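Enquirer: what would the 3D arrangement of this be:
(chains A and B)
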Amino acid sequence: MSDEAGVSEDDLKHPTKEMTVSEDVMIEMNGVHKWYGSFHVLKDINLTVNKGERIVVCGPSGSGKSTLIRCINRLEEHQQGQIIVVEQELTNDLKKIEEVRREVGMVFQHFNLFPHLTVLQNLVLAPIWVRNIGKDEAEETAMKFLERVRIPEQANKFPGQLSGGQQQRVAIARSLCMNPKVMLFDEPTSALDPEMIKEVLDTMVQLAEEGMTMICVTHEMGFAKTVANRVIFMDGGEIIEENEPHEFFDNPQHDRTKLFLSQILAH
Amino acid sequence: MAEQTQSYAPGTHPDMPPPSSEVGVYGWARHNLFSSPVNAFLTFFAAYLVYLAIPPILDWVFFDGIWSGDTRAACFNEDDTRKGGGCWPFIFVWFKQIMYGRYPDEELWRINITYWIFGGGILWLLLPQTPFKKWVALFLLIPFPVICFYLFVGGSFGLVAVDTPLWGGLFLTLVIAVTGIVASLPIGIILALGRRSNMPVVRAVCVAFIELWRGVPLITVLFMASVMFPLFMPEGVNFDKLLRALIGVGLFSAAYMAEVVRGGLQAIPKGQFEGAEALGLNFPKMMFFIVMPQALKLVIPGIVNTFIGLFKDTTLVLIIGLFDFLGMAQLSTTNPDWLGFAVEGFVFCAAVFWVFCFSMSQYSQHLERKLHTGH
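Expert: Prediction:
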């Protein structure tokens, strides 16, 4: 397992030790377990993500990959272990959770745009009311990001008037307006028609090239090969294999990884 | 089947108007009234029912009705039989009582001012291009009720005090209904949020409140407020009867409103909450900007339905001795001089109630059209 982190493997074996994480480490997960009732959905997750890294998480459905990234911005709670995001440990402390959510942007499979607000209003809501940025400055930033995702002319339309690909790009722009340090993507293209997948993936590739730290749950293996530093395979709540893309796709080590790859790469 | 079907090369077919049997009045009638034999029969049957019902009503109200005169005699023939048709002098003579109750005549201007301000404010809000709508709405919600209170009650600013037992008629109905409506929505929202809360104590209290107030009829609430409540108060402490009724009606209505709002909250997809949380919005901001606007818009039919029901439920205050619109009309029919005109009284009441309730219903549909953002 290659590990480009600034944290030694020794530290990872002692999760209860108070860790002094360097500024370079964006996300640290140590011995994380999660249960839904009595169902053990995340089993002993250990993961480090450094600044600028692009991680792709893949696996069969029900493997816990969405749950994993949702734990990072506390949309799900973990019951055991430690999660440290941008130097804040995630506990029940509401202040820390809000601090983390300001720095971590998330893009959802079903976009989750606010249908009663225009595209521009969707983008400026959080900067104005969470970061207390002035309305003019927020709108300027919003238009800049809308141009980045190549749909500035849609600013005054409502989400319901846009295509799926456009909505997802608005969702990406909305997260970027908060200037996050990490971007989480939860199957961003799974709900899109094939013609629209490319435009969203292009946006994500551009984001990666600009140095954004990204964790992406996706089935788009082409994207993984192009952009990822590491590919993580999960099954049954555990991280089965973790490797850089070429090794991962050409030399899968575990049987389950081999089975999964044979299924998704066959067609 | 007489149209020429000319063929065109692909991509050159011009836009043509639809055939004449499909458009205009004829087309509409064909599709909506006579589209099948059953529908055609129903159309004729409905027309027949209208013919049976509407002309006699119009006759009684307008054509045979007596519209002039100011004494009972105007409605009777020389041989002491009733003239056919509705006796509207009854309403004219009793108009002031039915509208204002026993509010002193010299002070009626205070009520009329508030009617004008309220009506003007509502008109301002309804007209499409008027500016400062938010300020007008804010004015109607906060300073205006305070102004109304001082105007109606009097006793300060040089105004004569008018005790609440003298309030009555449509004025009293509006006071109770508007207070109930304005109080029930915010309290209902808070109760709905509380019922969905994760904190067990908050949830238990809200559930208990809602189930208690929903479980008893409004009439018992009013009865309790009016008769039982003073028994629990120490000697000499006197709560105004109208105030007790207002509190009872407000809380009762809030319990119903809570469930309507909760239905709306349940319909908001979890993704909206998650999208808001992922952006860093805390609970109040998420509710105010994202969830509540969508939830309340969804349940406008339910909310206005509850308001309309509340408006009509105010007639129950008769049992605690407050004479609202219906109560005053009924009281007028028991006057010895004017016995036997109960029908006119109730028809008038029904008509006025219908106007108010239909206006609320139309406004709700206007709101739904205006807020329709295509999703």
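Enquirer: in stretch B:54-73, which residues are buried?
Expert: The neighbour-count check on stretch B:54-73 (16 or more other C-beta atoms under 10 Å in any protein chain shown) flags B:60-61, B:65-66, B:72 as buried. C-beta coordinates here come from the backbone N, C-alpha and C atoms, glycine included.
Enquirer: and it, how far out from the chain middle?
Expert: For stretch B:54-73, the gap between its own C-alpha mean and the chain's C-alpha mean amounts to 28 Å (C-alpha atoms, centre = their mean, to the nearest Å).
Enquirer: and if you look at stretch B:352-372?
Expert: Using C-alpha atoms, centre = their mean, the distance from the centre of stretch B:352-372 to the centre of the chain it belongs to is 9 Å.
Enquirer: please save the CA atoms from that stretch in PDB.
Expert: Only the C-alpha atoms of stretch B:352-372 are listed here, as PDB (Å, rounded to 0.1, in the frame of the first residue of the first chain):
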ATOM      1  CA  VAL B 352     -71.400  37.200   4.200                       C
ATOM      2  CA  PHE B 353     -69.600  34.200   5.500                       C
ATOM      3  CA  TRP B 354     -69.400  32.800   2.000                       C
ATOM      4  CA  VAL B 355     -67.900  36.100   0.700                       C
ATOM      5  CA  PHE B 356     -65.200  36.000   3.300                       C
ATOM      6  CA  CYS B 357     -64.400  32.300   3.000                       C
ATOM      7  CA  PHE B 358     -64.400  32.400  -0.800                       C
ATOM      8  CA  SER B 359     -62.100  35.400  -0.800                       C
ATOM      9  CA  MET B 360     -59.700  33.500   1.400                       C
ATOM     10  CA  SER B 361     -59.900  30.500  -0.900                       C
ATOM     11  CA  GLN B 362     -59.300  32.600  -4.000                       C
ATOM     12  CA  TYR B 363     -56.400  34.300  -2.400                       C
ATOM     13  CA  SER B 364     -54.900  31.000  -1.600                       C
ATOM     14  CA  GLN B 365     -55.100  29.900  -5.200                       C
ATOM     15  CA  HIS B 366     -53.600  33.300  -6.300                       C
ATOM     16  CA  LEU B 367     -50.700  32.600  -3.900                       C
ATOM     17  CA  GLU B 368     -50.200  29.100  -5.300                       C
ATOM     18  CA  ARG B 369     -50.100  30.400  -8.800                       C
ATOM     19  CA  LYS B 370     -47.700  33.200  -7.900                       C
ATOM     20  CA  LEU B 371     -45.300  30.900  -6.000                       C
ATOM     21  CA  HIS B 372     -45.300  28.200  -8.600                       C
END
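Enquirer: buried residues in that stretch?
Expert: Neighbour counts using 16+ other C-beta under 10 Å place B:352-353, B:356-357, B:363-364 of stretch B:352-372 among the buried residues.
Enquirer: stretch B:272-286 now?
Expert: By neighbour count with 16+ other C-beta under 10 Å, stretch B:272-286 contains the buried residues B:272-282, B:285-286.
Enquirer: could you do stretch A:42-60 as well?
Expert: Of the residues in stretch A:42-60, those scored as buried under the neighbour-count criterion (16+ other C-beta under 10 Å) are A:42-51, A:53-59.
Enquirer: who's in contact with the closest residue to chain A within the stretch 201-350 of chain B?
Expert: When you check the stretch 201-350 of chain B against chain A by C-beta to the nearest C-beta, the closest residue turns out to be residue B:275, at 3.2 Å. Neighbour list for residue B:275: A:108, A:112-114, B:290 [criterion: C-beta atoms under 8 Å, 6 or more residues apart in numbering or on different chains].
Enquirer: what's near enough to touch residue B:318?
Expert: Contact analysis of residue B:318 by C-beta under 8 Å, 6+ apart lists B:324, B:326-327, B:330.
Enquirer: give me the pLDDT for whichever residue of the stretch 101-250 of chain B sits closest to chain A.
Expert: For the stretch 101-250 of chain B, the residue closest to chain A is residue B:198, as judged by C-beta to the nearest C-beta, at 12.0 Å. Per-residue confidence for residue B:198 comes out at a pLDDT of 90.
Enquirer: can you check residue B:231 too?
Expert: Residue-level confidence at residue B:231 comes out at 79, pLDDT.
Enquirer: for residue A:39, same thing?
Expert: The predicted local confidence for residue A:39 comes out at a pLDDT of 94.
Enquirer: how close does it sit to chain B?
Expert: Shown here: residue A:39 relative to chain B, a distance of 19 Å by C-beta to the nearest C-beta, to the nearest Å.
Enquirer: picking up where we left off before, assumed the residue of the stretch 101-250 of chain B closest to chain A was part of a helix.
Expert: No: residue assignment for residue B:198, taken from DSSP: H, G, I helix; E, B strand; the rest coil, gives coil, which places it outside any helix.
Enquirer: could I get the buried residues of stretch B:352-372 as JSON lines with pLDDT, secondary structure and distance to residue B:139?
Expert: Supplementary listing: the buried residues of stretch B:352-372 in JSON lines, determined by pLDDT from 0 to 100; DSSP: H, G, I helix; E, B strand; the rest coil; distance: C-beta to C-beta, whole Å:
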{"residue": "B:352", "pLDDT": "93", "secondary structure": "helix", "distance to residue B:139": "27"}
{"residue": "B:353", "pLDDT": "94", "secondary structure": "helix", "distance to residue B:139": "28"}
{"residue": "B:356", "pLDDT": "93", "secondary structure": "helix", "distance to residue B:139": "22"}
{"residue": "B:357", "pLDDT": "94", "secondary structure": "helix", "distance to residue B:139": "25"}
{"residue": "B:363", "pLDDT": "87", "secondary structure": "helix", "distance to residue B:139": "19"}
{"residue": "B:364", "pLDDT": "89", "secondary structure": "helix", "distance to residue B:139": "22"}
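Enquirer: now residue A:82. Nearest residue, chain neighbours left out?
Expert: Beyond its immediate neighbours in the sequence, the residue positioned closest to residue A:82 (C-beta to C-beta, 6 or more residues apart in numbering or on different chains) is residue A:30, lying 4.4 Å away.
Enquirer: number of residues surrounding whichever residue of the stretch 151-267 of chain A sits closest to chain B?
Expert: Ranking the residues of the stretch 151-267 of chain A by distance to chain B (C-beta to the nearest C-beta) places residue A:160 first, at 3.8 Å. Taking other C-beta atoms under 10 Å in any protein chain shown as the neighbour definition, residue A:160 ends up with a count of 12.
Enquirer: let's verify it: helix, strand, or coil?
Expert: For residue A:160, the assignment made with three-state DSSP gives helix.
Enquirer: what does the pLDDT read for it?
Expert: Among the per-residue scores, residue A:160 holds a pLDDT of 92.
Enquirer: circling back to that earlier point, which phi and psi does the residue of the stretch 201-350 of chain B closest to chain A have?
Expert: Dihedral pair for residue B:275: phi -60, psi -40, per degrees, to the nearest 10.
Enquirer: could you do the one 10 residues further on as well?
Expert: For residue B:285, the backbone dihedrals (degrees, to the nearest 10) come out as phi -70, psi -40.
Enquirer: neighbours around the nearest residue to it once chain neighbours are set aside, how many?
Expert: For residue B:285, the nearest residue in space outside its immediate sequence neighbours is residue A:129; the separation is 5.5 Å by C-beta to C-beta, 6+ apart. Using other C-beta under 10 Å, residue A:129 is surrounded by 17 other residues.
Enquirer: residue A:202: which element?
Expert: Under the assignment given by DSSP states H and E, the secondary-structure element containing residue A:202 is helix A:194-209.
Enquirer: perfect, that will be all.
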